[in-house]
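**Q** sequence and predicted structure, then a few things I'm wondering about:
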Amino acid sequence: MSTVLEIEKAIEQLPTKQMLEIASWLDERTAMIQASESLFQMLDEEEGPDAGNQWLGE
């Protein structure tokens, strides 16, 4: 399984309980990603115009 379509088809074949477990995991993962993005944006705003450049060796 390497494409989204293959994964979607496999998920559709799962029993309802397992499908709901995957849905819950995706919800948790989405919340974590959104929280991380918000944190990084806040930190970038605090750093000002040089935000993100500290790791570029500049």
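**A** That came in fine, so what should we check first?

**Q** okay, CA-based contacts and neighbour counts for the rest of this
**A** Noted.

**Q** so where do the helices sit in this protein?
**A** 4-12, 16-47 (DSSP state H).

**Q** which helices and strands does the last one pack with?
**A** This means helix 16-47. Helices and strands touching helix 16-47, by 3 or more Cα pairs under 8 Å, 6 or more residues apart in numbering; DSSP states H and E: there are none.

**Q** where does this protein dip in pLDDT?
**A** Applying pLDDT under 70 to the chain picks out residues 50-58.

**Q** dead centre of it: give me the residue that sits there.
**A** residue 33 (3.9 Å; Cα atoms, centre = their mean).

**Q** can you tell me how far that residue is from residue 15?
**A** 27 Å (Cα to Cα, to the nearest Å).

**Q** go on, residue 30?
**A** The gap separating residue 30 from residue 15 is 23 Å, by Cα to Cα.

**Q** who's more crowded, those two?
**A** residue 30 (12 against 9; other Cα atoms under 10 Å).

**Q** show me the contacts for that one.
**A** By Cα atoms under 8 Å, 6 or more residues apart in numbering, residue 30 lies in contact with nothing.

**Q** look up how far residue 7 lies from it.
**A** Distance from residue 30 to residue 7, by Cα to Cα: 17 Å.

**Q** quick check: buried residues in stretch 29-42?
**A** Buried residues in stretch 29-42, counting neighbours by 16 or more other Cα atoms under 10 Å, are absent.

**Q** could you shift the numbering so residue one becomes 185, and keep it that way?
**A** Got it, first residue is 185 now, which makes that one stretch 213-226.
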